[in-house]
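1. Output the structure for:
(2 chains)
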Amino acid sequence: MKSEKIVKEPLIHITKRDTMPPWQSILIRVGAVLIALAVSAVLVIVLTKTNPMSVFDAMFKGSFGSVRKMQNLMKSVATLLCISLAITPAFKMKFWNIGAEGQVLMGALAAAAVMRTMGRYVIPSWVVILVMLAAALVSGLIWAVIPAIFKALWNTNETLFTLMMNYVAMQIIQIFIAIWIKSGSGVVGYINEQSHRGWLPDLFGVKYLLNIIVVAGLTVFMFVYLKFSKHGYEISVVGESENTARYIGINVKKVVIRTMAISGALCGLAGFLLVAGADHTINKDLAGGMGFTAIMVSWLAKFNPFIMVGASFMLVFLDRGASNVATMCKLNDSVGEIITAIIIFFIIGCEFFIRYKINFRARTPKEKAPDEPEKPEQTEITEGEKAPAGIA
Amino acid sequence: MKKFLAILIAIVAVFALAACTVDEAGKTPANTKAPTEDTTAAPGDATADPGDATVDYSKIKIGLICLHDENSTYDANFINAIKATAAKLGLKDSQVIIKTGIDESAACYDTAAEMADEGCKIVFADSFGHEPYMKQAAQEFPNVQFCHATGTNAPTANIANYHNAFASIYEGRYLAGIAAGMKLNEMISSGKITADQAKIGYVGAWPYAEVKSGFTSFFLGARSVCPTATMDVVYTNSWFDIAKEKSAAENLIASGCVLISQHADSEGAPKACEAKGVPNVAYNIDTTPLGPTTALISSKINWEPYFELIIKAVVTGGTIPADYCGDFSTGSVALTTLNSAVAAAGTQEAIDAAKAKMIAGELKVFDTSTWTYKGETLTEYIADVIDAGDFVPETNVIHDGYFDESNAKTFRSAPYFDLIIDGITEK
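-> Model (predicted):
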């Protein structure tokens, strides 16, 4: 430290870790969440002088305070998970689909349009639902395939392209609402409020249960699709290296377009679930930014559908909890967002420590420090003594 | 969990009964105003009435659902009002639940139901699009009163515990318009503009009756003192969009508007006006801090009388009217303090005189002799008063020489004036 010697290795350098035992990585993640909670507690205490335990209590109750809150929690988890699953094939292929929001909205718009149009006639609700589903899948698909074709044929930047498509989708919804709602209020309200035509039924009297079941099925399907199907294999190879994919005879263009078609159609499914199974209306904020949050879910879970269940659960839990804290402390909703952001920051930050190791400069013999026993704190994190100076 | 809830609800019910017999208010959808003191109280009579000592407010819980948070002038107006009412009636923090940022979607229903679960006896929502979700919740929780601002369905929905509320804010806007007209006159007489350059710019949220009624009454107020005034209106198609409202105001100013007003909920337009040095008339909150050299005055709906009315009704077992329209007499329509640094001389006197005439019934804002539609004076206008979702107008709302706006006794509280009269141009 105090040495002003010649050329030396840097004080800190970072190396990639070999694999880490799962229990260690879990421990790091849990630790990160705990530290994050502590930091947010300090923040709330500073802001409100409230007892931190009551803050965490409010956080917990935001999701589990009542049966209804749990139902609402599960509904939101299902929606977020559905969109996350939808975008995962694209991201696994390293296709930066930032356009899930728009794809969901287009699916929702198609479902709403069918619901409105067919709702005027006496048609069995299940027929309306099936047509809505088909329309939503196709609309989401089209909205995703457009940038995919441009990417495959002319190598356009898909990040910008899909992002822009979101705003186009929102404006299209505004146009439809302006045409439909002649009073000019911009509010569609419940579609088929009286007949409930096209509304998904409450299975066993439980609200949103059907949404949850559909998404649970989709989770299993996506796991199998990515892991055990030929398509899934092609997606991984294209994602790892397009040249390799070409070398082994994969038609990259075809895979890109096909994968985006699936991705878009599933986003359309999410839109359908929102309209038929939850909100029964349409507006440009219906997806509520979940098309973007889903990207985080997908990456946090490293594209594993089952881990995505946990990741979406965590994000929704945090969101609801933070909002409840804000309500309880009579603070602005932004405080909820700040708390959520702090926690997410720590969670993403800890991934760094899972993937990389920070190495401090090994002491040179000359540099005999007086207080020698400063051995790297080998807490639970690094297990083996292979890397003497390693600290997580 | 369900057991726990049941016990909780039982306890709440017992407490409520012990407090003083809450017979679930509003069993009959009375379209008349509740016979509580508030409706007849003078606007200045904001101090607690002596009878309050006998009323126990310690058990009542009220939930407020807001579309945006207090950064929106519109929502801030509700939040401030419920806080003031809570302070006046001595409610504790835990008796008022405020949820902000609740979209016009199932989120509104979910939130309303959660509030009912948590023991709220009144749930209030502030945005037009919340209505279907509030109605749904009302049907599910018959023992909770659901009150909704700006809605249109309660008079015909026949849901005993579902209520609409609004105020005759067009009267307040007319008075604010007088302040604007006086300012225009001042600019004309000082030679800053010529009489035919007296063009007002208006930033509206949606091309919808609530907005149209608002800007028309504002315009009529301005034209009542400045006969050459005209007005351009632009819509942002959003209730809250700072950037859009700012640029809309800037564009209006660039196109020759010499005074701006708005019915959109951010501080975008007032700030743009302050930057350009153009006088501004606002809505719902006093914008003088945002524009010390340009803010003239704001009209606002004061929700405190209504909040007090519904809380009292539930606690004392009274009824909440199915549709309520506050006015000057209830203290619901108010103006913020005139910014004398900006206003023309004599403005306050002119406003006071017009207000006195309105209260006396001598001045009608939508007097058909003061405006024309496509060159003609209307003697009849069929409006879509009964909102069946079909947008088919069915009710004549012009009688005795005026357009009878926001008449909750005969029609409904939410505005239905949706004409673009001569002198106003939609851009």
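2. Kindly provide the distance from A:Tyr233 to A:Asn251.
-> 14 Å (CB to CB, to the nearest Å). The C-beta positions use only the backbone N, C-alpha and C, and glycine is treated the same way.
3. isn't A:Ile28 right up against A:Cys350?
-> Yes - if you go by CB atoms under 8 Å, A:Ile28 and A:Cys350 touch, sitting 5.2 Å apart.
4. for the chain, longest helix please?
-> By default, I'm working from chain A. In terms of residue count, the longest helix belonging to chain A (DSSP state H) is helix A:125-154.
5. please go with chain B instead
-> When chain B is parsed with DSSP H, its longest helix is helix B:169-189.
6. So the nearest residue to B:Thr337 once chain neighbours are set aside, which state does it fall into?
-> Leaving aside its chain neighbours, B:Thr337 sits nearest to B:Asp286 (6.7 Å; criterion: CB to CB, 6 or more residues apart in numbering or on different chains). When classified by DSSP: H, G, I helix; E, B strand; the rest coil, B:Asp286 comes out as coil.
7. Output the below-cut-off pLDDT ranges for the chain.
-> Reading this off chain A. A:1-8, A:363-392 (pLDDT under 70).
8. Chain B was what I was after
-> Residue ranges of chain B with pLDDT under 70: B:1-53.
9. How about the residues of it by chain A?
-> B:1-2, B:5, B:69-71, B:93, B:97-101, B:103-106, B:110, B:113-114, B:117-118, B:128-129, B:131-133, B:136, B:206-212, B:237, B:384, B:389, B:391, B:418 (CB under 8 Å from any CB of the partner chain).
10. And for A:Phe161, the neighbour number?
-> 18 (other CB atoms under 10 Å in any protein chain shown).
11. Please spell out which residues along the helix or strand harbouring it are buried.
-> Assigned by DSSP states H and E, A:Phe161 falls within helix A:158-180. Going by neighbour count (16 or more other CB atoms under 10 Å in any protein chain shown), the buried part of helix A:158-180 is A:Glu158, A:Phe161, A:Thr162, A:Leu163, A:Met165, A:Asn166, A:Ala169, A:Met170, A:Ile172, A:Ile173, A:Phe176, A:Ile177.
12. you'd agree the third one is up against A:Pro147?
-> To tie it back to what came earlier, the one meant is A:Thr162. Yes - with contact defined as CB under 8 Å, A:Thr162 reaches A:Pro147; the gap is 5.0 Å.
13. anything in contact with each of the two?
-> Counting by CB atoms under 8 Å, 6 or more residues apart in numbering or on different chains, the contacts common to A:Thr162 and A:Pro147 are A:Asn97, A:Gly99.
14. So what pairs up with the most centrally placed residue in chain B in the strands?
-> The residue lying closest to the centre of chain B (CA atoms, centre = their mean) is B:Ile301, at 4.7 Å. Beta bridges link B:Ile301 to B:Val333, judged by DSSP bridges.
15. Would you mind listing the residues in contact with A:Phe56?
-> By CB under 8 Å, 6+ apart, the neighbours of A:Phe56 are A:Leu37, A:Ala41.
16. Can you tell me how far it is from A:Trp199?
-> Going from A:Phe56 to A:Trp199 by CB to CB gives 37 Å.
17. ditto for B:Leu309
-> Taking CB to CB, one finds B:Leu309 at 35 Å from A:Trp199.
18. likewise A:Ile338?
-> Note on A:Ile338: its distance to A:Trp199, by CB to CB, is 37 Å.
19. Show me which of the two is the more surrounded one.
-> A:Trp199 (21 against 18).
20. what residues does the stretch 201-350 of chain A put near chain B?
-> So far as CB under 8 Å from any CB goes, the stretch 201-350 of chain A lies against chain B at A:278-281, A:283, A:285-286, A:288, A:323, A:326-327, A:330, A:332-334.
21. Sheet-wise, list the partners of the helix or strand just after the longest helix of chain B with their directions.
-> Of the helices and strands lying after helix B:169-189 in sequence (DSSP H and E), the nearest is strand B:199-204. The pairing partners recorded for strand B:199-204 under DSSP bridges are strand B:230-235 (parallel), strand B:259-263 (parallel).
22. B:Phe141 is nearest to which of these?
-> Nearest to B:Phe141, of all the strands paired with strand B:199-204, is strand B:259-263, at 32.6 Å by CB to CB.
23. Give me the contacts around the closest one.
-> B:176, B:180, B:183-184, B:200-205, B:210-211, B:214-215, B:218, B:245, B:249, B:252-253, B:269-270, B:272-273, B:278-283.
24. Skip ahead from the helix or strand B:Phe307 falls within and say which helix or strand is next.
-> Per DSSP H and E: B:Phe307 is located in helix B:304-316. Next helix or strand after helix B:304-316 toward the C-terminus (DSSP H and E): strand B:323-326.
25. can you pull out the strands in chain A?
-> Secondary structure of chain A, counting by DSSP state E: strands at A:12-16, A:356-360, A:390-391.
26. on contacts alone, who are the packing partners of the second one?
-> So the one you mean is strand A:356-360. Under the contact criterion of 3 or more CB pairs under 8 Å, 6 or more residues apart in numbering or on different chains; DSSP states H and E, strand A:356-360 touches strand A:12-16, strand A:390-391.
27. Which parts of it count as buried, going by neighbours?
-> A:Lys357, A:Asn359.
28. need the helices for the stretch 151-300 of chain A, in chain order.
-> Shown for the stretch 151-300 of chain A, the helices assigned by DSSP state H, counting those that start in this stretch span residues A:158-180, A:209-228, A:230-240, A:242-247, A:252-274, A:290-300.
29. Show me the contact partners of the third one.
-> With contacts defined as CB under 8 Å, 6+ apart, helix A:230-240 is touched by A:89, A:92-94, A:225-226, A:244-245, A:248, A:250, A:252, A:255-256, A:258-259.
30. Pick out the most distant pair among those residues.
-> A:Tyr225 and A:Thr244 (20.9 Å).
31. neighbour-wise, which of the two wins?
-> Applying other CB under 10 Å to A:Tyr225 and A:Thr244 shows that A:Tyr225 carries more neighbours, namely 19 against 11.
32. could you measure the nearest residue to the more buried one once chain neighbours are set aside against A:Phe303, distance?
-> Nearest non-adjacent residue to A:Tyr225, counting by CB to CB, 6+ apart: A:Gly232, 5.4 Å away. For A:Gly232, the distance to A:Phe303 (CB to CB) stands at 10 Å.
33. Mind listing the shared neighbours of these two?
-> A:Leu226.
34. of these two, who's got more company?
-> Taking neighbours as other CB under 10 Å, A:Gly232 and A:Phe303 compare with A:Phe303 leading, 21 against 18.
35. wait, isn't B:Val233 in contact with B:Tyr208?
-> No - at 11.9 Å, B:Val233 does not count as touching B:Tyr208 under the criterion of CB under 8 Å.
36. what's around residue 54, how many residues?
-> I'll assume chain A. Per other CB under 10 Å, the neighbour tally for A:Ser54 reads 14.
37. nope, chain B
-> By other CB under 10 Å, 8 other residues sit near B:Thr54.
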